[in-house]
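Visitor: Next one to model:
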Amino acid sequence: MNFSVPSKDKSRILADLGKANKAFQAIYPGDRPERQPVHTVYGGADLFRADSARRMANAALNTLLDNAADFAEFARALEMPGHRKLPKKPADIAKLAKRFANASGKTKADAGWLAYATYNKVIHKLRTEALEDFRIDFEDGFGNRSWEEEDTTAVQAALEVAKGMKAKSLPPFIGIRIKPFTEDLKERGARTFDIFLTTLAKATNGKLPDNFVVMLPKVTIPEQVSALVQLFEAIEENTKLAKGALKMEMMVETTQAVIGADGSTPLRRFVLASKGRMIATAFGTYDYTAANNITAKYQDMGHAVCDFAHMMMKVSLGATGIWLSDGATNVMPIGPHRGAKLTAKQRAENKVVVHRNWKKAFDHTRHSLWKGLYQGWDLNPAQFPMRYAAVYSFFLESYDDAAARLKAFVERAARATLTSDVFDDAATGQGLLNYFLRGLNCGAISEQEALATGLTLAEIRTRSFLKILEGRRMAR
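Guide: Alright, predicted model coming up:
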């Protein structure tokens, strides 16, 4: 073969390109392999206790069983596929549930199977790990109180966290949200942060809970992030906390966080200002819609201004390893009547409210999932059943098709294939792999179910479709 490019020139050109490629890869390493929670719950710092996770789990399960005693009623409340064909008599529902319990591939196509599978997964989740992530809130959920009261609450909350660490009663992910570093609130935010972390470090001999983060709200300029990082460094230097132990996340809830003063998006600059401490961003639905002059009636997660902000977040931070979270539905599925001795009419009226507001939040969550936002906020345990129903049904309804397509695609070694009427290419292969990664992450799909793809768990955990194919080619 004949060549025209001298070897030394080619080596120099490709070496320079290699440096640029590696610099790019350092900025965009791809999604982090760690588990991402599907929700974050915000609660006033004054209400947090070491056993809050257990109490929330009990409340969530009671809400579900009180308002949807079986899968058919749950399906009708959320208007899940096939809900109109489901029986209403308890005996008929029980008979159908027994049939679904021994579901075959054919049975899974029947009306109601998705609702049955989702409902039972939700019950299991509420009984085993209802609360995934919690923010002890010193901002909106706590409000502007006297400095003495916030000081006292910061100490109390830190001691409750220490108590929870000892009792192993904390959720898998936890953190605090301080007040923003705006000019009028920066002193209060920094003071609460210092009191809380100093108290916690002393009580735990320098240990933090697993997956602990500090949330900085209403970020508008990189200097606010830099200030928090400097406070991190000072706390770590003057307590027994390990260097680099503190991590942060920020809230995107102002228009200036999406488009900055120079017309560009500042999100990447915020991440760089964190010096590697930033792990996630969360969207603040109601502050952001208010900043866009949306009136109260239309401040909603489904508003177009929210979709725009979400896409800006995804494009700006895609493949950087920064987790993205959507906001919350602020209409609570809680009935107007309280107490143990309610009349049948009052219980029925409560159920109507709960079902209506479950459905609203369910639709919001499904919309977020459709956009590729796999985490959101919940504000009350009554929302937990809806949250897990939305997430589980989203993945379960696509399982059979995704498993068959990924299995066929891998077997054909990345050649473009036509499976059914959907044309697959390498990008689609990665998309199918992402489906299983996310499904495993949230518990919608079991490890055994993932193996139906023909992949090993080790292959799935590479998180790269191309790496899987390269590994198989080398094995041959």
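
Visitor: Kindly provide the whole-number mean pLDDT of stretch 236-249.
Guide: The predicted model assigns stretch 236-249 a mean pLDDT of 98.

Visitor: and if you look at stretch 162-179?
Guide: So the average pLDDT for stretch 162-179 ends up being 98.

Visitor: For it, measure first residue to last.
Guide: End-to-end distance for stretch 162-179, by Cα to Cα, to the nearest Å: 22 Å.

Visitor: List the contacts of Lys179.
Guide: Lys179 is in contact with 138-139, 185, 188-189, 192, 217, counting by Cβ atoms under 8 Å, 6 or more residues apart in numbering. Just so you know, the C-beta spots here come from the backbone N, C-alpha and C atoms, and that holds for glycine as well.

Visitor: I'd like those residues as CSV, with neighbour count appended.
Guide: CSV is the format used below for these (neighbours: other Cβ atoms under 10 Å):
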residue, neighbour count
Phe138, 27
Glu139, 25
Leu185, 16
Arg188, 20
Gly189, 24
Thr192, 24
Pro217, 26
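
Visitor: how close does the residue lying farthest from the centre of the chain get to Ser11?
Guide: Among the C-alpha atoms of the chain, the one most distant from their mean position (Cα atoms, centre = their mean) is that of Asn2, at 55.1 Å. The gap separating Asn2 from Ser11 is 18 Å, by Cβ to Cβ, to the nearest Å.

Visitor: before we move on, what about Leu469?
Guide: As defined by Cβ to Cβ, Leu469 lies at a distance of 28 Å from Ser11.

Visitor: Of the two, which one has the most company?
Guide: When Leu469 is set against Ser11 and neighbours are counted by other Cβ atoms under 10 Å, the residue ahead is Leu469, at 17 against 11.

Visitor: Surely the more buried one and Phe409 touch.
Guide: No. The criterion here is Cβ atoms under 8 Å, and Leu469 misses it with Phe409 at 9.3 Å.

Visitor: got any residues that touch both of those two?
Guide: With contacts taken as Cβ under 8 Å, 6+ apart, the residues that reach both Leu469 and Phe409 are Gly429.

Visitor: which SS state does Ile136 fall under?
Guide: Counting by DSSP: H, G, I helix; E, B strand; the rest coil, the backbone at Ile136 sits in strand.

Visitor: Who does it form a beta bridge with?
Guide: Using DSSP bridges, the beta-bridge partners of Ile136 come out as Gly43, Ile176.

Visitor: quick one: low-confidence parts of the stretch 351-476 of the chain?
Guide: Applying pLDDT under 70 to the stretch 351-476 of the chain flags the ranges 413-426, 476.

Visitor: which residues of the protein fall in strands?
Guide: Residue ranges of the strands in the chain, as given by DSSP state E, are 39-44, 133-137, 173-177, 212-216, 247-252, 278-283, 323-325, 376-378, 417-419, 422-424.

Visitor: And the contacts of the second one?
Guide: So that's strand 133-137. 37, 39-45, 48, 52-53, 157, 161, 170-177, 211, 215.

Visitor: low pLDDT regions in the stretch 1-150 of the chain?
Guide: Under the criterion of pLDDT under 70, the regions of the stretch 1-150 of the chain flagged as low confidence span 103-109.

Visitor: As a check, name the ranges of all helices in it.
Guide: Using DSSP state H, counting those that start in this stretch, the helices of the stretch 1-150 of the chain run over 7-27, 52-67, 71-78, 90-101, 113-128, 147-167.

Visitor: so which of the strands of the chain gets nearest Cys306?
Guide: Distance to Cys306, taken as Cβ to Cβ, is lowest for strand 278-283 among the strands of the chain, at 7.2 Å.

Visitor: Distance check, Val391 against Arg438.
Guide: Going from Val391 to Arg438 by Cβ to Cβ gives 9 Å.

Visitor: quick one, phi psi at the residue positioned nearest the centre of the chain?
Guide: In the chain, the centroid-proximal residue (Cα atoms, centre = their mean) is Gln375; its distance is 2.0 Å. For Gln375, the backbone dihedrals are phi -140, psi 150 (criterion: degrees, to the nearest 10).

Visitor: how much space between the nearest residue to it once chain neighbours are set aside and Trp370?
Guide: Distances taken as Cβ to Cβ, 6 or more residues apart in numbering place Ser325 nearest to Gln375, at 4.0 Å, with adjacent residues excluded. For Ser325, the distance to Trp370 equals 15 Å [Cβ to Cβ].

Visitor: So between these two, which is more surrounded?
Guide: Neighbours were tallied for Ser325 and for Trp370 using other Cβ under 10 Å; the higher tally belongs to Ser325 (25 against 9).

Visitor: Surely that one touches Thr281?
Guide: Yes. The pair formed by Ser325 and Thr281 meets the contact definition of Cβ under 8 Å, at 7.0 Å.

Visitor: I'm done for today, thanks for sticking with me.
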